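Participant: Can you look at this prediction? I've put the sequence above it.
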Amino acid sequence: MKTGLLFSNKSLLHDTGNYHPENKYRINSILENLKRKKNLNLDFIQVNKFDHKYLQMTHDKDYLSKVEESFPQKGQIFLDGDTVLSPGSRDAAYDAVSSIINAIDLINLKKIKNAFCAVRPPGHHAESKKAMGFCVFNNAAVGANYLIEKYKLNKVAIVDFDVHHGNGTQNIFYGNPKVLYCSTHQHPLFPGTGLNNERGNFNNIFNIPLPAGTNSEQYFLAYEHVIQKLNQFKPEFIIFSAGFDAHKDDPLSNFGLKSNDFYEITRRTIESSKDYCKGKVVSILEGGYNLKALVESSEAHIKSLSEY
């Protein structure tokens, strides 16, 4: 089976402005690069619709109504200081959620072996009741809740290697023993959360805050603790919140990872979890704001997915 590359052309219609770091050129660059990589053996899949009831399992009903009413007919509006909506944002945001649900279904139907969702807006800062940090809906959280409700899973892990802490994902699952949330991130840095004493009500939150200047060797020494935590929890399914802004060239952080480090993060995670997770992995794009670094790092990540 192939790795599924789920995408939506409507992701490009989410218009944040050319100078906003989270812009349409991110998706364009990733897709144009991957379409040239015949050796990756990818199955390119346009996303389909999904049942919006699954959004209500993750987000407050009043918040969902507010977002629906906020999509503008023209121009742009701000849900918070840096989360922009345009007329095209509605379809893009819903398709981002669709992508992870579609990917989960395709894996369970054995149509693909694993998946990467190249969509936007990102999701891991979105709280149950508010948008935040470029994020409207928490795509990874919706996916985890979908696995629990639709497929009756009891153990789902979300591994977040974005350089910013996924405050929204953490808060959504803080009291849910069926979800393990693991995050490596720079601290201090936006949003300021993710200290290692934030552990969840069931010891199901695992944060590794790392200082500015963290290099590859230091990062992987820390990441071994994520692997150990996964081995203790033994998830039946893994969701990657795949941010590539820990790259040394990213303008929004101060980590020192190299492009191929994202291959290694992926390889170590899948290899260590194969006995209990059996390769059931969906990855969804979060951050990454230097286009060259984003293209190289996402390719390395997807190359590792395609080898399993």
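Facilitator: It's in.
Participant: quick one, helices of the stretch 51-200 of the chain?
Facilitator: Secondary structure of the stretch 51-200 of the chain, counting by DSSP state H, counting those that start in this stretch: helices at 61-70, 89-108, 139-150, 167-172.
Participant: Pipe the ones you listed into JSON lines and attach distance to Lys38 and mean neighbour count per row.
Facilitator: (Each C-beta comes from the backbone N, C-alpha and C, glycine too.) Converted to JSON lines, these look like this (distance: least, CB to CB, whole Å; neighbours: other CB atoms under 10 Å):
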{"stretch": "helix 61-70", "distance to Lys38": "39", "mean neighbour count": "13"}
{"stretch": "helix 89-108", "distance to Lys38": "21", "mean neighbour count": "23"}
{"stretch": "helix 139-150", "distance to Lys38": "28", "mean neighbour count": "25"}
{"stretch": "helix 167-172", "distance to Lys38": "34", "mean neighbour count": "25"}
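Participant: would you list the ones you listed in JSON lines and tack on distance to Leu12 and mean pLDDT?
Facilitator: Below are the helices of the stretch 51-200 of the chain laid out as JSON lines (distance: least, CB to CB, whole Å; pLDDT from 0 to 100):
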{"stretch": "helix 61-70", "distance to Leu12": "20", "mean pLDDT": "98"}
{"stretch": "helix 89-108", "distance to Leu12": "8", "mean pLDDT": "98"}
{"stretch": "helix 139-150", "distance to Leu12": "17", "mean pLDDT": "98"}
{"stretch": "helix 167-172", "distance to Leu12": "24", "mean pLDDT": "98"}
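Participant: Tabulate the ones you listed (CSV), appending distance to Cys182.
Facilitator: Below are the helices of the stretch 51-200 of the chain laid out as CSV (distance: least, CB to CB, whole Å):
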stretch, distance to Cys182
helix 61-70, 26
helix 89-108, 18
helix 139-150, 12
helix 167-172, 10
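Participant: The residue minimising distance to the centre of the chain in helix, strand or coil?
Facilitator: With distances taken as CA atoms, centre = their mean, Ser241 lies nearest the centre of the chain, 2.6 Å away. With DSSP: H, G, I helix; E, B strand; the rest coil as the basis, Ser241 sits in strand.
Participant: Look up the closest residue to it, ignoring the ones flanking it.
Facilitator: The spatial neighbour of Ser241 that comes closest, neighbours along the chain excluded (CB to CB, 6 or more residues apart in numbering), is Asp160 at 3.8 Å.
Participant: With Asn201 instead?
Facilitator: Distance criterion CB to CB, 6+ apart; nearest residue to Asn201, sequence neighbours excluded, is Gly175 at 4.4 Å.
Participant: separation between that neighbour and Tyr219?
Facilitator: Distance, Gly175 to Tyr219, using CB to CB, to the nearest Å: 29 Å.
Participant: For those two, work out which one has more neighbours and name it.
Facilitator: Using other CB atoms under 10 Å, the more surrounded residue of Gly175 and Tyr219 is Tyr219, with 20 against 12.
Participant: ok, now which ones touch Leu55?
Facilitator: 64, 97, 137, 142 (CB atoms under 8 Å, 6 or more residues apart in numbering).
Participant: switch to 10 Å and redo it
Facilitator: Counting by CB atoms under 10 Å, 6 or more residues apart in numbering, Leu55 touches 61, 63-64, 67, 93-94, 97, 101, 137-138, 142, 145-146.
Participant: picking that back up, give the bridge partners for the residue nearest to the centre of the chain, please.
Facilitator: As for beta bridges, Ser241 partners with Asp160, Ile284 under DSSP bridges.
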